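1. whatever this is, show me its structure:
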Amino acid sequence: MEGQKLSGSFAHSLLLTVVVFTLVCNGQMISFNVEKYIDGAVDLPLGGSFDVGMYYTKIYLGSPSKEFLVQIDTGSDGLWVNCISCKDCEHQSMLEVHPSFFDPSTSSTSSFIPCSDDRICTGDGFGCSSQNRCTYTYHYIEGSWALVDYVTDLIHLGKYIGTSTINTSTPINFGCATHRQGAESRTATLDGVLGLGNNQMSAVNQLAAKGVIPSVFSHCFKRSGGGSFVLGQVAQPNVTYTPMVPGANYRVELQSIYINEQPVPIDPQVFGTSNGGTLIDSGTTMGYIVMEAYDPFVNAINQVVSSNVYIYNGEGRQCYASSSSVFTIFPSIRLNFAGGASMVLQPIDYLIHEDSVDGTSHWCLGFSKSEKKSVLGGSQPIDVSISKPSRTKRQHPSRHFHWTIILLFVVLSILLFLLLVLAVLACLNYVQQNMLG
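-> Got it, this is the predicted structure:
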């Protein structure tokens, strides 16, 4: 759900790395194994559905704290939830829970951000209400939007220190939505959006700037829905790294695609950084492959399955009908990224079940054609960790070791210099005494 981005040079000054790894997720709302946390991590269990490509988590805001269900979205910036004054927000939920609305008047720690606060209320998308409140309009790629008043209040988190959880609260700036329009029914029933984009207003960057968490987050999307989302570092062996493409979004360089370990004839330049790379956007339901690569990609899949399934076009998507198990018919897909990282998708990872009629199952690809850019969206169960340098505390063992060596060298040099000075003074004193004698 790539949204309108806040302005500023902060987003462009960060060097980013994405870690591609596989985790085993069990249960609908689950957590990582506590032994795999690095101190300071915050675990937020995920709910959601792979079939519709939407994942959400629980957060707690205000004093007293109140629970909100928010969609996690790496393609947009900022955190916002429904405001009590919102007249066009959904009051019914398909998640079998009553929607929550934030009421600033009932929170003892809440305050509206005034229009005069130029640290926040400046740039494209910002405005000023008749009540002198800083406003912002979030626009999303599927056409929906949300108008929010910006407030400051406490967010309540459980941080792992060793094997214990310590509750902590810290102020955070977020939006209180007064109007919402165009949201699909599946997302309209959530209480808001947790934007994780690479901007100073994203929750991750705000918390990292305060030293509450390291400037890292990880998510694990379970194939059958749910998963886990961690603010902070997770210790995982055998990870592979790919560099992020510089910019305001989380983008990587996809270099090639293999079907059943056979290369698809695609010009690597169509994925190149000059074309913006490949966007990682957990808020977008579908995955997208740029036009020049999409047809060869689909043709390679169809060549493998054509004798076993009926192939048809389903509202712009490539779809298939089969009376046999598609998981034994369809090929594996390997996405190869810069730096040697790769991601293997099995049929269960990229096929979306539509329906079954008279013993025939209908499935569609979780990828659609894009005219502009490639996107890895919420319908691909991608397990990633995104890390970046922080302006405050930065956990980087190799860099710490590097500076320790430099500091030790400086200290030893000073000691040697002092010993040399003492030796020279002793010699001068000896010569002076002999001359006087």
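2. ok, what's across the strand from residue 289?
-> Beta-bridge pairing for residue 289 (DSSP bridges): residue 369.
3. just the helices from the chain, written as ranges.
-> 185-188, 203-209, 291-305, 326-329, 347-350, 397-436 (DSSP state H).
4. which elements pack onto the second one?
-> This points to helix 203-209. Contacts defined by 3 or more C-beta pairs under 8 Å, 6 or more residues apart in numbering; DSSP states H and E place helix 203-209 against strand 145-161, strand 164-181, strand 192-196, strand 227-231. C-beta: built from backbone N, CA, C; applies to glycine.
5. starting at the chain centroid, how far to the third one?
-> What that stands for is strand 192-196. Between the centre of strand 192-196 and the centre of its chain there are 10 Å (C-alpha atoms, centre = their mean, to the nearest Å).
6. output it in CSV with nothing but the alpha carbons.
-> Listed next in CSV are the C-alpha coordinates belonging to strand 192-196 (Å, rounded to 0.1, in the frame of the first residue of the first chain):
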residue,chain,number,x,y,z
GLY,A,192,-5.6,2.2,11.2
VAL,A,193,-2.2,1.7,9.5
LEU,A,194,1.3,1.2,11.0
GLY,A,195,3.5,2.7,8.2
LEU,A,196,7.1,1.5,8.4
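7. which of the helices and strands packed on helix 203-209 is buried the deepest?
-> Greatest average neighbour count among the helices and strands packed on helix 203-209 goes to strand 192-196 (a mean of 28), per mean count of other C-beta atoms under 10 Å.
8. returning to what we had before: most neighbours per residue, which of the helices of the chain?
-> Ranked by mean neighbour count, these are led by helix 203-209 with a mean of 22 (mean count of other C-beta under 10 Å).
9. need the helices of the chain in a markdown table (columns: mean pLDDT).
-> Below are the helices of the chain laid out as a markdown table (pLDDT from 0 to 100):
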| stretch | mean pLDDT |
| --- | --- |
| helix 185-188 | 51 |
| helix 203-209 | 88 |
| helix 291-305 | 95 |
| helix 326-329 | 92 |
| helix 347-350 | 87 |
| helix 397-436 | 71 |
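10. just tell me which of the ones you listed ends up closest to residue 262.
-> helix 291-305 (7.5 Å; C-beta to C-beta).
11. distance to residue 262 added to the helices of the chain, as a markdown table?
-> Below are the helices of the chain laid out as a markdown table (distance: least, C-beta to C-beta, whole Å):
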| stretch | distance to residue 262 |
| --- | --- |
| helix 185-188 | 36 |
| helix 203-209 | 38 |
| helix 291-305 | 7 |
| helix 326-329 | 16 |
| helix 347-350 | 16 |
| helix 397-436 | 38 |
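12. nearest to residue 131, out of those helices?
-> Of those, nearest to residue 131 by C-beta to C-beta is helix 203-209, at 23.9 Å.
13. can you give me how far the closest one is from the chain middle?
-> Using C-alpha atoms, centre = their mean, the offset of helix 203-209 from its chain centre is 13 Å.
14. for that helix, C-alpha coordinates in PDB please.
-> Written as PDB, here are the backbone C-alpha positions of helix 203-209 (Å, rounded to 0.1, in the frame of the first residue of the first chain):
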ATOM      1  CA  ALA A 203       7.100   4.500  14.000                       C
ATOM      2  CA  VAL A 204      10.300   2.600  13.700                       C
ATOM      3  CA  ASN A 205      12.400   5.700  13.000                       C
ATOM      4  CA  GLN A 206      10.700   7.600  15.800                       C
ATOM      5  CA  LEU A 207      11.400   4.900  18.400                       C
ATOM      6  CA  ALA A 208      14.900   4.400  17.100                       C
ATOM      7  CA  ALA A 209      15.600   8.100  17.300                       C
END
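15. what's the burial count for residue 358?
-> Residue 358 has 5 neighbours, counted by other C-beta atoms under 10 Å.
16. tell me the buried residues in stretch 333-349?
-> For stretch 333-349, burial by neighbour count (16 or more other C-beta atoms under 10 Å) applies to 333, 334, 335, 336, 337, 338, 339, 341, 343, 345, 347, 349.
17. can you check stretch 82-93 too?
-> Neighbour counts over stretch 82-93 (16+ other C-beta under 10 Å) mark 82, 83, 85, 86, 89, 90 as buried.
18. what's the average pLDDT for it?
-> The pLDDT scores in stretch 82-93 average 79.
19. what sits up against that stretch?
-> By C-beta atoms under 8 Å, 6 or more residues apart in numbering, the residues outside stretch 82-93 that reach it are 99-105, 148-149, 176-181, 188-192.
20. show me where the stretch 201-350 of the chain dips below the pLDDT cut-off.
-> Per-residue confidence for the stretch 201-350 of the chain (pLDDT under 70) gives these ranges: 221-225, 233-239, 248, 283-285.
21. show me where it has its strands.
-> Assigned by DSSP state E, counting those that start in this stretch, the stretch 201-350 of the chain shows strands spanning 216-221, 227-231, 240-245, 251-252, 254-259, 262-263, 278-280, 287-290, 310-314, 317-322, 333-337, 342-345.
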